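Q: Predicted model and sequence below, questions to follow.
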Amino acid sequence: MKTAKLGALLSLAVISALTVHPPAFSNEPAGKWMQVNEQTLRFVGQINRKTAARFNKIITPEITTVIVQSGGGDVDNALQVGQEIHRRQLNIIVDGRCGSSCANYWFVAAAHKTVREGSWVGFHGNPSSSLPYYNRRKFNQAFLDSLTEFAQQERVFFQALGVDIALVERSSTITVAFDRPAYLPSPEQLACFGVSNLNMWYPSTAAEKAKLWGAGGNVVLTPEVAAKPELSATLCNQR
């Protein structure tokens with residue numbers, strides 16, 4: 001898909017705001033790629049319309065790992081980078097947060113996934129889960145067609161990963177129910193949906209949750225979802 005077809009309209013920040021989700025982490029500065037050493041890249045900031053091109057410019061065959069600290073952003077660019085992360089079998093290290101588009105397309109695509117202590121991976125929906133909203137409100141047809149095309153590419157991407165896209169689709173229901181900006185699935189839930197090779201710190205106490213990087217405790221954890229019978233269908237119980 002050409003980025004110009006969707007532009008900034010397809011950032012999860014916009015989709016979230018329009019579908020009653022809490023806003024994405026859109027107050028971050030524009031993201032930057034940096035080379036840490038011969039084998040490692042670091043990305044810090046918001047994913048935007050230049051992120052994929054800059055990734056393609058800086059990546060080399062020697063790179064094996066990307067360290068990320070991002071609240072998400074432009075989904076088209078995020079998906080492009082996610083496809084390359086998967087194709088190149090890169091590892092990912094979350095050092096802070098990996099939310100929204102970062103979680104949806106980068107974290108799930110990596111060969112091995114590490115989440116450092118105090119860091120987190122958060123989901124709150126995707127374009128596919130927003131399509132019914134836009135269709136009901138009869139948005140511009142060109143926009144709907146572009147969104148539908150992106151949703152199809154997104155499904156192909158998740159199928160190639162062997163990850164159930166319900167992981168991100170159901171997170172929309174969870175964040176709306178709690179009126180919080182992100183759902184942080186437990187390692188067990190991620191594995192159940194097909195996200196493999198996890199080396200993941202996850203908060204186990206209220207004190208640890210309160211210390212999550214930049215979140216102030218204002219996120220949803222799996223035990224909170226499990227405690228609500230009306231949300232039981234959002235959890236994975238298949239594997």
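A: Yes, it's here. These numbers come from a predicted model, not from an experiment. Numbering: from 1, shown residues only.

Q: C-alpha only now, for contacts and for neighbours.
A: OK.

Q: Which helix runs longest in this structure?
A: When the chain is parsed with DSSP state H, its longest helix is helix 141-161.

Q: what about Ala233, how many neighbours?
A: For Ala233, the neighbour count with other CA atoms under 10 Å is 11.

Q: quick one: terminal-to-terminal distance for stretch 115-132?
A: Stretch 115-132 has an end-to-end distance of 33 Å (CA to CA, to the nearest Å).

Q: Now it: average pLDDT?
A: Across stretch 115-132, the average pLDDT comes to 88.

Q: Can you name the residues that contact the nearest residue in space to Pro185 that is not next to it in sequence?
A: In space, Pro185 comes closest to Thr222 once its chain neighbours are excluded; the distance is 5.4 Å by CA to CA, 6 or more residues apart in numbering. Counting by CA atoms under 8 Å, 6 or more residues apart in numbering, Thr222 makes contact with 183-186, 189.

Q: Could you pull out the buried residues of the longest helix of the chain?
A: Residues of helix 141-161 classed as buried by neighbour count (16 or more other CA atoms under 10 Å): 146-147, 150-151, 154, 157-158, 161.

Q: Neighbour-wise, give me the winner out of the contacts of Thr222.
A: Using other CA under 10 Å as the neighbour test, the contacts of Thr222 are led by Tyr183, with 30 neighbours.

Q: Let me know the next secondary structure element after the worst-scoring helix or strand of the chain on mean pLDDT.
A: In the chain, no helix or strand scores lower on mean pLDDT, DSSP states H and E than helix 12-18, which sits at a mean of 42. Once the chain leaves helix 12-18, the next helix or strand it forms, by DSSP states H and E, is strand 32-37.

Q: Could you list the buried residues of the helix or strand following the longest helix of the chain?
A: Per DSSP H and E, the first helix or strand lying C-terminal to helix 141-161 is helix 166-178. Across helix 166-178, burial judged by 16+ other CA under 10 Å covers 166-176, 178.

Q: And for stretch 192-203?
A: Buried, per 16+ other CA under 10 Å, within stretch 192-203: 192-196, 198, 200, 202-203.

Q: what's the first-to-last distance across it?
A: 18 Å.

Q: follow-up on the earlier one: and the gap between the residue nearest to Pro185 and Glu84?
A: Distance from Thr222 to Glu84, by CA to CA: 30 Å.

Q: Helices of this structure, start to end?
A: 3-6, 12-18, 51-58, 75-88, 101, 127-136, 141-161, 166-178, 187-192, 206-210, 222-226.

Q: Next, format those helices as TSV and append distance to Leu235.
A: Output for the helices of the chain, formatted as TSV (distance: least, CA to CA, whole Å):
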stretch	distance to Leu235
helix 3-6	31
helix 12-18	21
helix 51-58	32
helix 75-88	24
helix 101	20
helix 127-136	16
helix 141-161	18
helix 166-178	8
helix 187-192	7
helix 206-210	20
helix 222-226	8
